[in-house]
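**Q** this one's sequence-less:
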């Protein structure tokens, strides 16, 4: 199994541009999580899905952030418009089933730099 | 208030056991203790979890005190590749209250 796949691995963009981060969870996993990590705030949960349905988006910082999961094998996190304070490493994670929902497999992350 | 207290950093000699403590005095009765680690520039990695009994897997052992207010993660024979930040996270798996909340963790440095 290839594990959780994220793309791109690095993204550099200018303030005001739209940014789309992509994630392919492990096949068969029904939970998908998006996290953000910064030096100041540490690792924070942004949103998670169960069976492609968003369950808790209380961690999404503001309306500029949106996440979708159109099918079981693909999710996107979009920032529009991007701002320098969005610079961070964004991780996607997946897990299988309610009782093991917190045994999460993390992807390698996308390092986003907004200039 | 932080749910856990972990030392910010620890050193361990290669080949020796690494014992990483965590205080979680406000843990709820239905919360497990999860341990994750994050090697530099990588995503976090699940290690082990437990409710009240000691647990062991191929990566580590977890010792939970009888009152469940603290736990210790044991890496029996630490290697240089175990250098990472280790997170102790009380959580259940149900609903939003079961979300993983990562604190600052313990930075473990394994030295040759």
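**A** All right, it came through fine. Being a predicted model, the structure only gives us computed values, none of them experimental. Numbers count the residues shown, from 1 in each chain, chains lettered A, B, ... in the order given.

**Q** quick check: mean pLDDT of stretch A:41-50?
**A** Mean per-residue pLDDT for stretch A:41-50: 95.

**Q** next: stretch A:81-91.
**A** 97.

**Q** distance from the chain centre to that stretch, please.
**A** Between the centre of stretch A:81-91 and the centre of its chain there are 11 Å (CA atoms, centre = their mean, to the nearest Å).

**Q** pull out the buried positions in that stretch.
**A** For stretch A:81-91, burial by neighbour count (16 or more other CB atoms under 10 Å in any protein chain shown) applies to A:82, A:86, A:87, A:88, A:89, A:90, A:91. In this view, the C-beta of every residue, glycine as well, is placed from N, C-alpha and C.

**Q** off-centre distance for the helix or strand the fifth one falls within?
**A** Assigned by DSSP states H and E, residue A:89 falls within strand A:88-95. Relative to the chain's own centre, strand A:88-95 is displaced by 5 Å; criterion: CA atoms, centre = their mean.

**Q** who does that strand pair up with?
**A** When pairing is defined by DSSP bridges, strand A:88-95 lines up against strand A:31-38 (antiparallel), strand A:105-106 (antiparallel), strand A:110-114 (antiparallel).

**Q** how far away is residue B:93 from residue A:98?
**A** According to CB to CB, to the nearest Å, residue B:93 and residue A:98 sit 6 Å apart.

**Q** of these two, which one has the most company?
**A** residue B:93 (22 against 14; other CB atoms under 10 Å in any protein chain shown).

**Q** what parts of chain A come near chain B?
**A** By CB under 8 Å from any CB of the partner chain, the residues of chain A that approach chain B are A:4, A:42-45, A:48, A:55-56, A:58, A:91, A:93, A:98-109.

**Q** which single one of the buried residues of stretch A:81-91 is nearest to chain B?
**A** The closest of the buried residues of stretch A:81-91 to chain B turns out to be residue A:91 (CB to the nearest CB; 5.1 Å).

**Q** so how many other residues sit close to the residue lying closest to residue A:28 once chain neighbours are set aside?
**A** With sequence-adjacent residues excluded and distances taken as CB to CB, 6 or more residues apart in numbering or on different chains, residue A:28 is closest to residue A:96, at 6.3 Å. Using other CB under 10 Å, the number of residues around residue A:96 comes to 17.
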